[in-house]
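*Asks:* quick one, fold the following:
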Amino acid sequence: MNVLLPTAETSVPRDITGAVTLSVTAEGTIAWNKDLITLDEFLVRIQQYRLQEPDPRVLINADERALFAQVVYVVDEVRKAPIPKIYIETRIFQNK
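*Replies:* Modelled structure (predicted):
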């Protein structure tokens, strides 16, 4: 799954060991650890993950061309699970 991450000057590498990766593509599709899923599957999986994982963490990598509303929806549903540890993946800004 190809996702073109947005750049950020303050991007910092993080230890995401054990985190679930949610991807939002430019087309608005969602993937759970690179497996395409439907919105209904996403809602079920995020609740199951919260119940099964003692320290749930979610890494969101959204394509820079994805609609902001789609990314906000994913973040909002993760927060409602409730999962407080949410990380947004970005590329490091390279000033040339």
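*Asks:* which residues touch the helix or strand of the chain with the lowest mean pLDDT?
*Replies:* Least confident helix or strand of the chain, by mean pLDDT, DSSP states H and E, is strand 91-92 with a mean of 84. If you take C-beta atoms under 8 Å, 6 or more residues apart in numbering as the criterion, strand 91-92 is touched by 5-9, 11. For the C-beta atoms, the positions are set from N, CA and C on the backbone; glycine is no exception.
*Asks:* please narrow those to those residing in strands.
*Replies:* In this view, these that belong to strands under DSSP state E are 7-8.
*Asks:* what ranges do the strands span in the chain?
*Replies:* 7-8, 20-24, 30-32, 35-37, 57-62, 85-88, 91-92.
*Asks:* so who does the nearest residue to residue 8 once chain neighbours are set aside touch?
*Replies:* Spatially, and ignoring its direct neighbours in sequence, residue 8 is nearest to residue 90 (4.1 Å; C-beta to C-beta, 6 or more residues apart in numbering). Applying C-beta under 8 Å, 6+ apart to residue 90 gives the contacts 5-8, 11.
*Asks:* now those residues: which count as buried?
*Replies:* Buried residues within those, counting neighbours by 16 or more other C-beta atoms under 10 Å: 5-6.
*Asks:* list just the nearest of the contacts of residue 90 to residue 72.
*Replies:* residue 6 (14.2 Å; C-beta to C-beta).
*Asks:* wait, isn't that closest one in contact with residue 66?
*Replies:* No: Residue 6 is not in contact with residue 66 according to C-beta atoms under 8 Å; the separation is 9.3 Å.
*Asks:* re the thing from before, now the contacts of residue 90 in a markdown table, with pLDDT and distance to residue 84?
*Replies:* Output for the contacts of residue 90, formatted as a markdown table (pLDDT from 0 to 100; distance: C-beta to C-beta, whole Å):
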| residue | pLDDT | distance to residue 84 |
| --- | --- | --- |
| 5 | 91 | 23 |
| 6 | 91 | 23 |
| 7 | 89 | 26 |
| 8 | 90 | 21 |
| 11 | 82 | 21 |
